[in-house]
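1. Need coordinates for the below:
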Amino acid sequence: MSVPDYMQCAEDHQTLLVVVQPIGIVPEESFFRIYKRIAAVSQVNVRDSQRVLYIRYRHHYPPENNEWGDFQTHRKVVGLITITDCSSAKDWPQTFEKFHLQKEMYGSTLYDSRLFVFGLQGEIAEQPRTDVAFYPSYDECETVEKRIEDFIESLFIVLESKRLDRATDKSGDKIPLLCVPFEKKDFVGLDTDSRHYKKRCQGRMRKHVGDLCLQAGMLQDSLVHYHMAVELLRSVNDFLWLGAALEGLCSASVIYHYPGGTGGKVGSRRAQGGSLSAEAGNRHRPGAQEVLIDPGALTSNGINADTSAEIGRAKNCLSPEDIIDKYKEAISYYGKYKNAGVIELEACVKAVRVLAIQKRSMEASEFLQNAVYINLRQLSEEEKIQRYSILSELYERIGFHRKSAFFKRIAAMQCAAPSIPEPGWRACYKLLLETLPGYSLSLDPKDFSKGTHRGWAAVQMRLLHELVYASRRMGNPALCVRHLSFLLQTMLDFLSDQEKKDVTQSLESYTAKCPGTMEFITLPDGLKLPPVPFTKLPIVRSVKLLNLPTSLRPHKMKSLLGQNVSTKSPFIYSPIIAHSRGEERNKKIDFQWVQGDVCEVQLMVYNPMPFELRVENMGLLTTGVEFESLPAALSLPAESGLYPVTLVGVPQTTGQITVNGYHTSVFGVFSDCLLDNLPGVKTNGCTVEVIPALPRLQISTSLPRSAHTLQPSSGDEISTNVSVQLYNGETQQLIIKLENIGTEPLEKLEVTAKTVNTKEKLYGDFLSWKLEDTLSQFPLKPGKIATFTVNIKVKLDFSCQENLLQDLSDDGISVSGLPLSSPFRQVVKPRVETKPINPQESSKVGDFSHVKVSACHQNECKLLVLSSEVRTASYWPDLQKREFKMKITKTVKNVLQHFIGLFHRFGECFACFVVFDTFPTRICVLY
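-> I've put the predicted structure just below:
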């Protein structure tokens, strides 16, 4: 026997093998539709008996395996059912001849056969026949199941007669020696009259009768015969048949202990009348291993109602532990014969299925390891694929998931072996996908963001590369891009620098033909591959929503009641409300965006790649309002540190907008990266309110801008600084131009003036204006310009001011955000030493040759003159050791011409060279 049946179970020893085959040209769909109906009749209750017959159907069975029918009767084809199409009477003789030729193939073992003819009508179809059934079409064949039951009953009659004939003790007749095919030449010339030979014949016949009893539903009798056969065969060292007797004893004991079957989902027994599942039916295709049709128990609880039989059964039946021991012994005997490799392999598979039910995984793995090293003949590539697939399935059943994945991967590689003329890359790809769970690998990138990496990264990367290669050989570039993207995203931390370069180059070559998208890819078997966003290219560490620029920020207009009072709750404080508001604050931001204005979000990113990373089409993903994202492109240096990137967009409608993430295009792969899927990302909130569009006003003046800011503006104010120099009593006009540069009309204008640090120096209105002409142009349409004039008039009082020097050294006056510098203030470099400018003229009238000026502070700016001798004009009496008091009256002919004022340095003031042109003399003050 050369072809192993990897789907066999221990309970198959009680089944009758029936082959169902087509004759001539039969549509495949029609054949398998009838085959399913036939296979549904998997067990039949024998009339006038409590026994049940179990049937195993095959649509393909090697004839050479039939030669082992005497060794184990469940391998013998005892029934043949053929299906054919015959539309005319003239084709009937040829069809019937083919039926006879088909019977001759299994003729030595057949008990009975049937021919189902579809499409033939007329006189021939009306003739009553027992071995032929005529049906008009495949849709009009209601009696198929009934004819199959009758066919099985005929098989039982033959089986029972053979059992009785073999079981009857005919002491006067010689018992024939049952042989397997390779033994026949070894027994030529043996002494048939020896006691050793007779015991061999008796032992083998006892074993054969035990098989027939088991098939006939007589479990207790089969146990008795198996025990007797074991004793006889052990005494003559007939190891091959001793192993078969031990295996039969194990099978009968398994049927008793496990009435539900050991075949799992595929080989599990079905209750009477149960139909074949669609999955099982689909696996019945040409060239494939058929699904076992395993029957149910003898009774509802698996125990015969006869108590006497139960007593005997309990005595002869093996315990669950002894079953495994006997399997080991039987397999060791099979191992002595190189021609029994298939029998040994199948026995290992049966033992593993039993151990899987007993949950003895380690012992099961030993049987499987033995099965791996069983040397069979030169197997074809298809048989190798089947062998490795079954080994993978059995390892999966006992919980050895990685071992299962290993053999399934070998089966996948075998599908594309060089010796195959047409490699099956689709089958290879499908088997590779089935190995993923065993290597702790999932094609969903979300599974890799839940914590630490699971599995061996090196093996996982090798498997992903094999998936890429199989996808390319299948001619599916979209699959190549998806698997390469997954490899780069999930295995980035385990790739070397050279591997990163190689993977990205391959990815760019594939995306040039088929760009990567965020769409699901549906495979032919229905499996959907999720998209793979590049959340690590680049890596984002923080996301911050930015407020609008100061000039664009909206400000609430003050109501008559002042600060708005929340009226959402009548209670002053509620812990529930406070808690919910706290959670909302974590997500919602306290500033606002404006419809139609450009809004910004800042991302801190870095490049983990060893080369420059180009990111194209990077923009924001939002929900809540209509948002126009303005994509950006950036280039990050190799292995850069944190790098700020600002993404901008324009909200088109109002409401609550939530920034969910960003989209990128890297290496030709488009990615939508959601913030929820980014581990360790810091954010100041994701939701902000978008208010309706507001007017935008641009102001320009006729005066030049000032280089100095006299008063820092607060966060709520926008200021501009212009400067003008005026003499006392001089008037100048300031023309202010208002331009509406927004999209909304400007409806309201208010102008106010504020004087800062004047210290009552001004008389009258310093600033004055009239808005009647300007307000007549309101509402100001977008793009329109309005102007109004501000009159600036300087009117200072220089009399009766003791602290005039400080007053003149003030920083100036700020009016309505338009600061004006003092016209009398000049800044010069202070002198280091105190010495006269011209010592030769120190004796002149009005010259102070020894004058010292004390330090002047901001809060107290006074000049103190210390001198032992003073020479001055009569206009300045009594100046020794007194405060220097200056009076400028209206009678002064020449108002101040030159004044070098105070120089501020680190909060201190120093008096500098001062020149007064006064009447009636010139006064110089030195330090």
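2. Okay, buried residues for stretch 478-493 please.
-> By neighbour count on 16 or more other CB atoms under 10 Å, the buried set for stretch 478-493 is 478-492. C-beta here means a position set from N, CA and C on the backbone, and glycine is covered the same way.
3. oh, I was asking about stretch 218-237
-> 218-230, 232-233, 236.
4. mind checking how far S154 is from Q8?
-> 26 Å (CB to CB, to the nearest Å).
5. Neighbour count for these two, which is higher?
-> Q8 (21 against 16; other CB atoms under 10 Å).
6. OK, contacts around the residue nearest to that one when sequence neighbours are not counted?
-> Excluding the flanking residues, the one nearest Q8 by CB to CB, 6 or more residues apart in numbering is E346, at 5.1 Å. E346 makes contact with 4-6, 8, according to CB atoms under 8 Å, 6 or more residues apart in numbering.
7. buried subset of the residues you listed?
-> The neighbour-count criterion (16+ other CB under 10 Å) marks 4-6, 8 among the contacts of E346 as buried.
8. Of those, which is the nearest to F627?
-> Y6 (59.5 Å; CB to CB).
9. So that closest one sits against Y388, correct?
-> No: contact criterion CB atoms under 8 Å: Y6 and Y388 do not qualify, at 10.1 Å.
10. how close does the residue lying closest to C9 once chain neighbours are set aside get to F118?
-> Spatial nearest neighbour of C9, excluding adjacent residues (CB to CB, 6+ apart): G263 at 4.2 Å. Using CB to CB, G263 is found at 32 Å from F118.
11. before we move on, the earlier item: among the buried residues of stretch 218-237, which lie within helices?
-> 219-230, 232-233 (DSSP state H).
12. Need the residues you listed in a markdown table (columns: distance to L767 and pLDDT).
-> As requested, those are exported to a markdown table (distance: CB to CB, whole Å; pLDDT from 0 to 100):
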| residue | distance to L767 | pLDDT |
| --- | --- | --- |
| L219 | 117 | 93 |
| Q220 | 122 | 92 |
| D221 | 124 | 93 |
| S222 | 120 | 94 |
| L223 | 120 | 95 |
| V224 | 126 | 94 |
| H225 | 125 | 95 |
| Y226 | 121 | 96 |
| H227 | 124 | 96 |
| M228 | 128 | 95 |
| A229 | 125 | 95 |
| V230 | 123 | 96 |
| L232 | 130 | 95 |
| L233 | 126 | 95 |
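13. which of these lies closest to R397?
-> L219 (25.9 Å).
14. Which positions in stretch 771-788 come out as buried?
-> 774, 777-778, 780, 786, 788.
15. and which of these is nearest F520?
-> Nearest to F520 among the buried residues of stretch 771-788 is L780, at 53.5 Å by CB to CB.
16. which non-adjacent residue is nearest that closest one?
-> Nearest to L780 is L746, by CB to CB, 6+ apart, at 4.0 Å.
17. Contact partners for the one you found?
-> Per CB under 8 Å, 6+ apart, neighbours of L746: 695, 697, 738, 740, 778-780.
18. Could you rerun that using 10 Å?
-> Residues in contact with L746 (CB atoms under 10 Å, 6 or more residues apart in numbering) are 694-697, 738-740, 777-782, 784, 786.
19. And for E730?
-> Counting by CB under 10 Å, 6+ apart, E730 makes contact with 724, 792-795, 823.
20. what's the answer for L738, then?
-> 697-700, 746, 749, 774, 777-778, 780, 784-788.
21. hmm, try it at 7 Å
-> Contacts for L738 (CB atoms under 7 Å, 6 or more residues apart in numbering) come out as 697, 699, 780, 785-787.
22. about what we covered before: the residue nearest to Q8 belongs to a strand?
-> No: using DSSP: H, G, I helix; E, B strand; the rest coil, the assignment for E346 is helix, not a strand.
23. Quickly note the distance from it to K336.
-> Distance from E346 to K336, by CB to CB: 16 Å.
24. What of E600?
-> The value you get for E600 to K336, if CB to CB is used, is 83 Å.
25. you'd agree V503 is up against Q489?
-> No: counting by CB atoms under 7 Å, V503 sits too far from Q489 to count as a contact (10.6 Å).
26. okay, and the common contacts of those two?
-> The contact sets of V503 and Q489 do not overlap (CB under 7 Å, 6+ apart).
27. Now do the same for stretch 17-36: mean pLDDT, whole number.
-> Averaging pLDDT along stretch 17-36 gives 93.
28. buried stuff in it?
-> Along stretch 17-36, these residues count as buried under the neighbour rule (16+ other CB under 10 Å): 17-23, 26, 30-32, 34-36.
29. can you give me the helices for the stretch 251-400 of the chain?
-> For the stretch 251-400 of the chain, applying DSSP state H, counting those that start in this stretch gives helices covering 264-267, 278-282, 307-316, 320-334, 341-358, 361-372, 381-397.
30. Kindly compare burial across those and name the winner.
-> Mean neighbour counts were compared across these using mean count of other CB atoms under 10 Å; the top stretch is helix 341-358, at a mean of 24.
31. what angle do that one and helix 381-397 make?
-> Angle of helix 341-358 versus helix 381-397, following axes from the mean of the first three to the mean of the last three CA atoms, to 10 degrees, is 20 degrees.
32. Taking helix 320-334 as reference, get the angle to helix 341-358.
-> Angle of helix 341-358 versus helix 320-334, following the same axes, to 10 degrees, is 170 degrees.
33. Would you pull up how far helix 341-358 lies from the middle of the chain?
-> Offset of helix 341-358 from its chain centre (CA atoms, centre = their mean, to the nearest Å): 39 Å.
34. just stretch 465-485 next, same as before
-> With CA atoms, centre = their mean, you get 18 Å for stretch 465-485.
35. Helices along the stretch 551-700 of the chain, start to end?
-> Using DSSP H, counting those that start in this stretch, helices in the stretch 551-700 of the chain cover 575-587.
36. What segments of it are strands?
-> Per DSSP state E, counting those that start in this stretch, the stretch 551-700 of the chain carries strands over the ranges 588-594, 599-606, 613-623, 627-630, 632-636, 643-651, 655-666, 669-674, 682-683, 687-691, 697-701.
37. Sketch out the low-pLDDT regions of the chain for me.
-> The chain contains residues with pLDDT under 70 at 1, 169-173, 189, 264-315, 451, 557-588, 707-717, 755-765, 796-927.
38. List the buried residues of the longest helix along it.
-> Using DSSP H, we find that the single longest helix of the chain is helix 144-167. For helix 144-167, burial by neighbour count (16+ other CB under 10 Å) applies to 144, 147-148, 151-152, 154-156, 159-160, 162-163, 166-167.
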